[in-house]
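**Q** Here you go, sequence then predicted model.
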There are 2 protein chains.
Amino acid sequence: MRLRAGSFLAPTIRAAAPLPTFPTVTFIDKLSARWQAADSLLCVGLDPDPSRFPAQLRDRDDAIFAFCAAIADATAEYACAFKPQVAYFASARAEDQLERLLAHLRQRHPQVPVVLDAKRGDIGATAEHYAREAFERYGADAVTLSPFMGRDSIEPFMAYADRGIFVLCRTSNPGGDDLQMLEVGGEKLYERVARLAAEKWNRSGQLGLVVGATYPAELARVRAIAGGLPLLVPGIGAQGGDVQASVVAGQSAGGTGMLINSSRAILYAGTGGDFAQAAATAARRTRDDINRYRRR
Amino acid sequence: MRLRAGSFLAPTIRAAAPLPTFPTVTFIDKLSARWQAADSLLCVGLDPDPSRFPAQLRDRDDAIFAFCAAIADATAEYACAFKPQVAYFASARAEDQLERLLAHLRQRHPQVPVVLDAKRGDIGATAEHYAREAFERYGADAVTLSPFMGRDSIEPFMAYADRGIFVLCRTSNPGGDDLQMLEVGGEKLYERVARLAAEKWNRSGQLGLVVGATYPAELARVRAIAGGLPLLVPGIGAQGGDVQASVVAGQSAGGTGMLINSSRAILYAGTGGDFAQAAATAARRTRDDINRYRRR
């Protein structure tokens, strides 16, 4: 994955200032190091639903932060990444707790990259504001984006040249078929998205794709198209995706390349005072289950 | 636009509880009444950029709220809708000011519908949380959504049966071509989105479409496909869209059917103490300019 500056851009975009460079390690480097160090492809999804919190947390003003931090601390050793889902914080007026959670993760688990699941998609100045939200306000290592508005909805996020971007490609829900499975010039729309993300759009070399675990054949197609790009794979566990089929279809040549997300099955593995320990056990088992099918 | 309950749904969705009904006026009814009462198709976009605020507001802790409220109060009589853009509030950690702004608009301008420009797109429980954010936390009359994840990313928002939903269809940016202009079975992808939103997806009868002003021919295609659906049209003014061409292409048979958005040209029409009056003048002129080309 190399920078392809200016190779495809429309004149209005080519005229923009060069992408800034950061002296930090890139998202891809951080993720690659973590895959090795933790021997894990498990991404722990942080989707905090207060109605499912253990009783001892429910009355705390900062229950959402406290729950997520406890889960993260208990599961970090088994995780290649954390993925907080913005919607759960936004519906609860808890952006302050999301900020605090990201600060906690940076401080306690600096080696575990954080993917902010926001699925933003906008252009121009508006996209710049969303990029600032994800990368400056929250300090995320990576963000999820929708491809529907095209290359100039991705560009403003690549101004943060060290940060990762996961573009929605083939989603795990039945309605994903409505657009993603349409034939567009000899391939499906999701295949076109994979090709764009792997090639023309990937100026920063920090792009990845979101591909649901519920369609292993399409996961394999995306892997074939996208080369070594990291694939964020939701849909195992509660959504019914099969771990073996997903790993076999989605892993890279080196047996990594995936962030296999589990949220509810880990977060709510226990409901009492031992919820964090139950989450750790569920995370360890899921990591081990995934590792059983990895190419070594 | 009639409710088409159950006519297209997959079994898993058909089995869901019936959509709740609300005793309030629907978004479409409120918008239709406003088109008539204000004799306006102008949507005032609220994209607050503090670096462009007049000097007397800059040092206020609630400058974003104060600026947007002043603009709204000055332009309301010329507006068929307001459209706050969430990204500007999110990057500034100003969700509290967005809540306060929506409360202000409901109280002072209850007859002017508010479209929350969020371009959300997710599924299942996550989409439910985004719907709660838009319709309960902020109390918006309508929201913008991405169609990429398909029908089950729209459904949770239709649980609020009186609220409006604008689905991205043909966006005003050059990169919009990347996916939206692809051929899919004899039509372009954006035409397919228009067809889905007008027919299969429109269970609540409260759907509309986002179509940029920069492509009048495609605006006309969307109008032909989508019948009477309201079209939210960004891209005039700063983005270069032509008012005459847009109105001629996009208006409904009755000379309404559009929310033609202008943000920067109104918000920053003046930079001194008279910024609100300058905004009012710009809004009135834009409304009048639009009205010149309407079918009466």
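**A** It's in.

**Q** Mind pulling up the pLDDT for A:Pro18?
**A** Listed pLDDT for A:Pro18 reads 51.

**Q** Wasn't A:Val44 part of a strand?
**A** Yes - looking at A:Val44 with DSSP: H, G, I helix; E, B strand; the rest coil, it is inside a strand.

**Q** wait, it sits on A:Pro84?
**A** No - A:Val44 is not in contact with A:Pro84 according to Cβ atoms under 8 Å; the separation is 9.6 Å. Backbone N, C-alpha and C define where each C-beta goes, glycine included.

**Q** so A:Ala38 sits right up against A:Ala81, yeah?
**A** No - when contacts are counted by Cβ under 8 Å, A:Ala38 is not listed as touching A:Ala81 (9.5 Å).

**Q** Looking at those two, which one has more neighbours?
**A** A:Ala81 (28 against 18; other Cβ atoms under 10 Å in any protein chain shown).

**Q** quick one: which of A:Val44 and A:Pro84 has more around it?
**A** A:Val44 (30 against 26).

**Q** Need phi/psi at the closest residue to chain B within the stretch 151-296 of chain A.
**A** Proximity of the stretch 151-296 of chain A to chain B (Cβ to the nearest Cβ) peaks at A:Gly175, 2.9 Å away. Taking degrees, to the nearest 10, you get phi -70, psi -10 for the backbone angles of A:Gly175.

**Q** if I look at it, how far off is A:Leu259?
**A** 23 Å (Cβ to Cβ, to the nearest Å).

**Q** Pick out whichever of those two has more residues nearby.
**A** Comparing A:Gly175 with A:Leu259 by neighbour count (other Cβ under 10 Å), the higher total belongs to A:Leu259, at 31 against 20.

**Q** Against A:Phe148, how distant is that one?
**A** 22 Å.

**Q** same deal with A:Ala279?
**A** In terms of Cβ to Cβ, A:Ala279 sits 34 Å off from A:Phe148.

**Q** A:Arg285 too?
**A** In terms of Cβ to Cβ, A:Arg285 sits 37 Å off from A:Phe148.

**Q** Comparing these two, which shows the higher neighbour count?
**A** A:Phe148 (27 against 15).

**Q** before we move on, what SS does that one have?
**A** Under three-state DSSP, A:Phe148 comes out as coil.

**Q** Isn't it up against A:Ile123?
**A** No - contact between A:Phe148 and A:Ile123 fails when scored by Cβ under 8 Å: they sit 10.8 Å apart.

**Q** which residues do these two both contact?
**A** B:Thr171 (Cβ atoms under 8 Å, 6 or more residues apart in numbering or on different chains).

**Q** ok now do the residue of the stretch 151-296 of chain A closest to chain B, which residues does it touch?
**A** Neighbours of A:Gly175 in contact, by Cβ under 8 Å, 6+ apart: B:Ile123, B:Met149, B:Gly150, B:Arg151, B:Asp152, B:Ser153, B:Ile154, B:Glu155.

**Q** Go again with 10 Å.
**A** B:Ala10, B:Ile13, B:Ile123, B:Pro147, B:Met149, B:Gly150, B:Arg151, B:Asp152, B:Ser153, B:Ile154, B:Glu155, B:Trp201 (Cβ atoms under 10 Å, 6 or more residues apart in numbering or on different chains).

**Q** Give me the distance between A:Val222 and B:Ala217.
**A** Applying Cβ to Cβ to A:Val222 and B:Ala217 gives a distance of 34 Å.

**Q** Of the two, which one has the most company?
**A** Neighbours were counted for A:Val222 and for B:Ala217 using other Cβ under 10 Å; A:Val222 has more, 26 against 8.

**Q** name the element the more buried one belongs to?
**A** helix A:216-226 (DSSP states H and E).

**Q** in that helix, what's buried?
**A** For helix A:216-226, the neighbour count (16 or more other Cβ atoms under 10 Å in any protein chain shown) marks A:Pro216, A:Glu218, A:Leu219, A:Ala220, A:Arg221, A:Val222, A:Arg223, A:Ile225, A:Ala226 as buried.

**Q** rewinding a little: quick one, which of the contacts of A:Gly175 are buried?
**A** B:Ile123, B:Pro147, B:Met149, B:Gly150, B:Arg151, B:Asp152, B:Ser153, B:Ile154, B:Glu155, B:Trp201.

**Q** distance of the second one from A:Val248?
**A** From B:Pro147 over to A:Val248 the distance is 31 Å, taken as Cβ to Cβ.

**Q** Helices of the stretch 1-150 of chain A, start to end?
**A** Ranges of helices in the stretch 1-150 of chain A, per DSSP state H, counting those that start in this stretch, are A:11-14, A:27-38, A:55-58, A:63-75, A:86-91, A:95-108, A:124-132.

**Q** For the third one, which helices and strands make contact with it?
**A** Spelled out, that is helix A:55-58. Identification of packing neighbours for helix A:55-58 by 3 or more Cβ pairs under 10 Å, 6 or more residues apart in numbering or on different chains; DSSP states H and E yields helix A:63-75.

**Q** Next: the fifth one.
**A** If contacts are counted by 3+ Cβ pairs under 10 Å, 6+ apart, helix A:86-91 sits against helix A:63-75, helix A:95-108, strand A:115-120, helix B:86-90, strand B:115-120, helix B:124-132.

**Q** quick one: is the longest one near chain B?
**A** Yes - using Cβ under 10 Å from any Cβ of the partner chain, helix A:95-108 comes into contact with chain B via A:Glu95, A:Asp96, A:Glu99.

**Q** of these, closest to B:Asp242?
**A** B:Asp242 lies nearest to A:Glu95 out of the residues of helix A:95-108 next to chain B, by Cβ to Cβ, at 38.9 Å.

**Q** Tell me who's in contact with the closest one.
**A** A:Val86, A:Phe89, A:Glu133, A:Arg137, A:Tyr138, B:Ala90, B:Arg93, B:Ala94, B:Glu95, B:Asp96.

**Q** Repeat that for A:Ala224.
**A** A:Glu191, A:Ala194, A:Ala249.

**Q** average pLDDT for the host helix or strand of the first one?
**A** With secondary structure defined by DSSP H and E, A:Glu191 is part of helix A:189-198. Along helix A:189-198, the predicted local confidence has a mean pLDDT of 98.

**Q** quick one: it to helix B:189-198, angle?
**A** 130 degrees (axes from the mean of the first three to the mean of the last three Cα atoms, to 10 degrees).

**Q** which bits of the stretch 151-296 of chain A sit near chain B?
**A** Neighbours of chain B within the stretch 151-296 of chain A, by Cβ under 10 Å from any Cβ: A:151-155, A:168-169, A:171-185, A:188-190, A:192-193, A:196, A:200-201, A:212, A:234, A:238-239, A:263-264.

**Q** Just the ones in helices from the residues you listed, please.
**A** Members of those lying in helices (criterion: DSSP state H): A:151-155, A:177-180, A:189-190, A:192-193, A:196, A:264.

**Q** what's the single longest helix in chain A?
**A** Longest helix in chain A, counting by DSSP H: helix A:275-291.

**Q** Would you write a ChimeraX line that selects the buried entries of the contacts of A:Glu95?
**A** Of the contacts of A:Glu95, the buried ones go into a single ChimeraX selection, burial set by 16+ other Cβ under 10 Å:
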select /A:86,89,133,137,138 /B:90,94,95
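
**Q** okay if I get the contacts of A:Glu95 as TSV plus pLDDT and distance to B:Ala159?
**A** As requested, the contacts of A:Glu95 are exported to TSV (pLDDT from 0 to 100; distance: Cβ to Cβ, whole Å):
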residue	pLDDT	distance to B:Ala159
A:Val86	98	20
A:Phe89	98	21
A:Glu133	98	27
A:Arg137	98	30
A:Tyr138	98	28
B:Ala90	98	24
B:Arg93	98	29
B:Ala94	98	28
B:Glu95	98	23
B:Asp96	98	26
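
**Q** Let's have the contacts of A:Glu95 in a markdown table, adding distance to B:Arg294.
**A** Listed next are the contacts of A:Glu95 as a markdown table, based on distance: Cβ to Cβ, whole Å:
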| residue | distance to B:Arg294 |
| --- | --- |
| A:Val86 | 40 |
| A:Phe89 | 43 |
| A:Glu133 | 38 |
| A:Arg137 | 42 |
| A:Tyr138 | 44 |
| B:Ala90 | 35 |
| B:Arg93 | 41 |
| B:Ala94 | 36 |
| B:Glu95 | 37 |
| B:Asp96 | 39 |
